[in-house]
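A.B. asks: predicted model and sequence follow; I will ask about them next.
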Amino acid sequence: MGRGLLGEAGSRIAALEARTAAIVTDGHVGPLYAEALAASLQQHGLRVSIITLPPGEATKSYASLERVCDAVLEAKVERGDLVVALGGGVMGDLAGFAAAVVRRGVRLVQVPTTLLSQVDSSVGGKTGINSLHGKNLVGAFHQPSLVLADTALLDTLPIREMRAGYAEVVKYGLIDDPDFFAWCEANWRGVFDGGPERDEAVAQSCRAKAAVVVKDEREDGDRALLNLGHTFGHALERITYYDSARLVHGEGVAIGMCQAFRFSVALGVCPPADAERVEAHLSEAGLPTRLAQVPGGCGTVDELLDAMAQDKKVKGGALTFILVRGIGQSFIARDVPVASVRAFLQDEN
Ligand code: NAD
Ligand code: ZN
């Protein structure tokens, strides 16, 4: 990772010794960066084709998967060749899943272009699409052969997407690294402005995610800590119908992390001052922290509980939460009684 890496993409990717690369991108990112990436690959002797899909979460679908798989085969990508995902988490997940299944698996290169994808989705090997039954329910583990994160690409990212990705950066501090959270409080402006702090935040986040994934690739244990804020956050996304005009993932996570802290306070395991500090920082960075900030509202307590119960992390009706004893002290709480969640949500509303 680093600023300006896209210019070196050709030499880095050529080192993988493939002959053909199919670049999969979306209609926002493609016009900005696909030609430069393709040119750099061609200079290093690769045969390149570009597949462009509509931007947005709706593109993580069976229909798009079919389009990508057929286009990749059309581009004559053989075993040993490459699918290159150029875009945010939507492209990474979709192209990554296509790479996992085309010819029973071809190699994948991730070129993440959102802060969220640079610090989270491009690392760890989870790929997939959405089903009528829910988000990310059809997919595969397929590790990339290379992740190339050029932090300069974030210069064109809309500020709202930047903030959303920043919520996931802060998450790594909250999970188990109080010093990193304090660093975020002091340095967040540089992350947004594209200073050296941005590279540092991306690098530290990737190290944190990689460390968790190396220990628990298939989420049998501690990888679940990465879901801090996500049980509440996913419920909010579901309740707002994944309508990005109302809520994007990172905004749901920001509110969800604050709720995880306030819930932990309500359960008597976390000092209130820590919850206040988290809320103050996220809100200073321009993120929502309360249910009341969701445009159009977020339903009744029962609707929220229903939305939570649909989460795939729910086992046998009991709720699993990532709770905290303080900043940087998260833990997995299984079998959290629905009654205590209900009482908490009633207070929140
Ligand atoms: P996204 O891919 O939809 O990108 C957000 C928006 O920014 C899109 O409109 C995109 O076209 C635009 N964009 C991207 N890069 C840009 C750039 N450099 N300049 C200008 N515009 C740009 O959203 P996202 O937040 O990156 O990813 C969200 C997805 O990631 C969700 O589907 C989520 O499920 C998935 N995800 C996966 C994992 C994983 O481990 N696989 C982890 C977290 C999230
Ligand atoms: Zn997330």
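C.D. replies: Right, received. Where do you want to start? Fair warning: this is a prediction, and the values are worked out from it, not measured in the lab. Ligands and ions are numbered 1, 2, ... in the order given.
A.B. asks: what's near enough to touch T156?
C.D. replies: The contact partners of T156, by Cβ atoms under 8 Å, 6 or more residues apart in numbering, come to L32. C-betas here are computed from N, CA, C, even on glycine.
A.B. asks: equivalent analysis for F180, please.
C.D. replies: Residues near F180 by Cβ under 8 Å, 6+ apart: 172-173, 204, 208, 328.
A.B. asks: which two among those are spaced furthest apart?
C.D. replies: Q204 and G328 (13.3 Å; Cβ to Cβ).
A.B. asks: a markdown table please, covering the contacts of F180 and showing distance to ligand 1 and pLDDT.
C.D. replies: Output for the contacts of F180, formatted as a markdown table (distance: Cβ to the nearest ligand atom, whole Å; pLDDT from 0 to 100):
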| residue | distance to ligand 1 | pLDDT |
| --- | --- | --- |
| Y172 | 13 | 98 |
| G173 | 17 | 98 |
| Q204 | 17 | 98 |
| A208 | 14 | 96 |
| G328 | 21 | 98 |
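A.B. asks: the helices in the chain, which residues?
C.D. replies: In the chain, the segments counted as helices under DSSP state H are 9-14, 29, 35-43, 62-74, 89-101, 115-116, 159-176, 178-193, 196-215, 230-239, 249-266, 272-284, 301-309, 338-348.
A.B. asks: what does the pLDDT read for the residue nearest to T25 when sequence neighbours are not counted?
C.D. replies: Leaving aside its chain neighbours, T25 sits nearest to L86 (4.2 Å; criterion: Cβ to Cβ, 6 or more residues apart in numbering). L86 is assigned a predicted lDDT (pLDDT) of 98.
A.B. asks: domain ranges for this protein?
C.D. replies: 5-155, 159-348 (automatic domain parsing).
A.B. asks: tell me the most buried of these?
C.D. replies: domain 5-155 (a mean of 20; mean count of other Cβ atoms under 10 Å).
A.B. asks: these two touch, right, G7 and S40?
C.D. replies: Yes. Between G7 and S40 there is a contact under Cβ atoms under 8 Å: 6.7 Å.
A.B. asks: pretty sure L157 contacts L116?
C.D. replies: No. Using Cβ under 8 Å, L157 is not in contact with L116, being 9.5 Å away.
A.B. asks: any shared contact partners between these two?
C.D. replies: In contact with both L157 and L116: G165, using Cβ under 8 Å, 6+ apart.
A.B. asks: how about the residues of this structure by ligand 1?
C.D. replies: 26, 28-29, 32, 55, 57, 60, 87-91, 93, 113-114, 116-117, 120-121, 124, 126, 135-136, 153-154, 156-157, 161, 164, 249 (Cβ under 6 Å from any ligand atom).
A.B. asks: in strands only, show me the residues you listed.
C.D. replies: Using DSSP state E, 26, 87, 126, 135-136 are the members of the residues of the chain next to ligand 1 that sit in strands.
A.B. asks: thinking again about what came up before, take the contacts of F180 and lay them out in TSV including distance to V269.
C.D. replies: Rendered in TSV, the data for the contacts of F180 read as follows (distance: Cβ to Cβ, whole Å):
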residue	distance to V269
Y172	21
G173	19
Q204	27
A208	23
G328	14
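A.B. asks: where does pLDDT dip in the chain?
C.D. replies: 311-317 (pLDDT under 70).
A.B. asks: OK, contacts around the spatially closest residue to N187 that is not a sequence neighbour?
C.D. replies: Spatial nearest neighbour of N187, excluding adjacent residues (Cβ to Cβ, 6+ apart): E197 at 4.4 Å. By Cβ under 8 Å, 6+ apart, the contact set of E197 is 187-191.
A.B. asks: that'll do, ta.
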